[in-house]
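Engineer: no sequence on hand, only this structure:
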Ligand SMILES: NC(=O)c1ccc[n+]([C@@H]2O[C@H](COP(=O)([O-])OP(=O)(O)OC[C@H]3O[C@@H](n4cnc5c(N)ncnc54)[C@H](O)[C@@H]3O)[C@@H](O)[C@H]2O)c1
Ligand SMILES: [Zn+2]
Ligand SMILES: [Zn+2]
């Protein structure tokens, strides 16, 4: 059913899933008029996050169909509201996961909108006017200026798109836990997909030693040659895992499926920290012994605030950090989703929404 909210008068072309089969088909819907605090964005590229896959298949049981996924959006401003001062027509911008927050709580006041109790997401959320939000698998977006960032000139719009979710999701815990000011310290990255590969890029830019912990032996060579990973541990090889006990200072766990944290925690030094950013639909196993024997910490982190998102993009421009992307045309979204489900991605699919990439024309 398409949007029925009264001021939603703009017809937009996009792609939606309609049930838990997750099959995505062309979908025409309405967006709100551009309000005084809004900008309208012609979407150029949209990354395909594993969260999109969780949503289209209703893994978390929260999907409101039809769902237009997509929260790694880059595009160009085509309209600005009268209160908008930070943006002008033609600006290169990005939109991530957040569509709205209360703007008034302690978290919003510190630009930690991601932790606002009233946060609403760019898709499968409920906007201030009561409408269900539709994401970036679409030609055009109307966004409140607060939730839009500038994409620095140095960053390509396709390679920058996944930074809006994958990038900020790993950047924030790395910053919070002082990983970016600890050159020489050892970071483990569990799961080498969209989030994992950006974590490696930040880590290498800030001088960390990086170990990938993966179930896929086929990823080792590429991880070392292409991403400069220092060590690669096959989590299914218990001898290797045993030999690496107590060797890591930090771990970022990006795994999208249920798994046990026990063997992974053993890799941490005493006092080491594991940050969980992956969001499996079933609880992960968290045995107490590796926790208590090593005084280890397990914590979570969700995306990032708007100020930090802008800061992250500037840092990426400075350190030449962009995502390794495989561009897909909209008619190949289902194929890409299937490959994402099979962990067959190096390292992020990005939809060429506007048909700007020469080979997709
Ligand atoms: N915390 C946040 O704010 C946040 C933001 C974005 C995504 N996420 C979540 O993070 C997870 C990863 O997202 P992504 O886009 O990087 O996904 P992805 O599919 O690109 O990468 C996931 C990686 O996990 C690995 N993996 C899958 N099942 C595994 C298993 N059983 N054991 C070991 N490894 C396994 C895959 O090989 C893959 O490399 C998803 O659950 C997503 O919803 C969380
Ligand atoms: Zn995401
Ligand atoms: Zn708030």
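Structural biologist: Arrived safely, thanks for sending. A quick note: this is a predicted structure, and the numbers were derived from the prediction, not measured. Numbering: from 1, shown residues only. Ligands and ions are numbered 1, 2, ... in the order given.
Engineer: going by C-alpha atoms from here, please, whenever you check contacts or count neighbours.
Structural biologist: Noted.
Engineer: in contact with the residue in the stretch 151-300 of the chain that ligand 2 sits nearest to, which residues?
Structural biologist: Of all residues in the stretch 151-300 of the chain, residue 165 sits closest to ligand 2, at 4.6 Å by CA to the ion. Applying CA atoms under 8 Å, 6 or more residues apart in numbering to residue 165 gives the contacts 49, 71, 72, 96, 97, 303.
Engineer: tally of neighbours for residue 296?
Structural biologist: The local packing of residue 296 (other CA atoms under 10 Å) involves 17 other residues.
Engineer: and the residue nearest to residue 68 when sequence neighbours are not counted, what element?
Structural biologist: Distances taken as CA to CA, 6 or more residues apart in numbering put residue 16 closest to residue 68, at 4.3 Å, once the chain neighbours are dropped. According to DSSP states H and E, residue 16 maps onto strand 10-17.
Engineer: and that strand, what does it pack onto?
Structural biologist: On a contact count with 3 or more CA pairs under 8 Å, 6 or more residues apart in numbering; DSSP states H and E, strand 10-17 meets strand 24-31.
Engineer: where exactly do the helices run in the protein?
Structural biologist: Using DSSP state H, the helices of the chain run over residues 50-56, 106-109, 157-160, 166-176, 194-205, 220-227, 238-243, 262-265, 288-293, 306-318, 333-341.
Engineer: please render these as TSV that adds mean pLDDT to the earlier fields.
Structural biologist: Formatted as TSV, those follow (pLDDT from 0 to 100):
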stretch	mean pLDDT
helix 50-56	98
helix 106-109	98
helix 157-160	98
helix 166-176	98
helix 194-205	98
helix 220-227	95
helix 238-243	95
helix 262-265	97
helix 288-293	96
helix 306-318	98
helix 333-341	98
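Engineer: redo those helices as TSV? Include distance to residue 184 and mean neighbour count.
Structural biologist: Converted to TSV, those look like this (distance: least, CA to CA, whole Å; neighbours: other CA atoms under 10 Å):
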stretch	distance to residue 184	mean neighbour count
helix 50-56	30	22
helix 106-109	33	16
helix 157-160	27	25
helix 166-176	14	23
helix 194-205	10	24
helix 220-227	17	14
helix 238-243	20	12
helix 262-265	20	20
helix 288-293	24	14
helix 306-318	20	19
helix 333-341	33	17
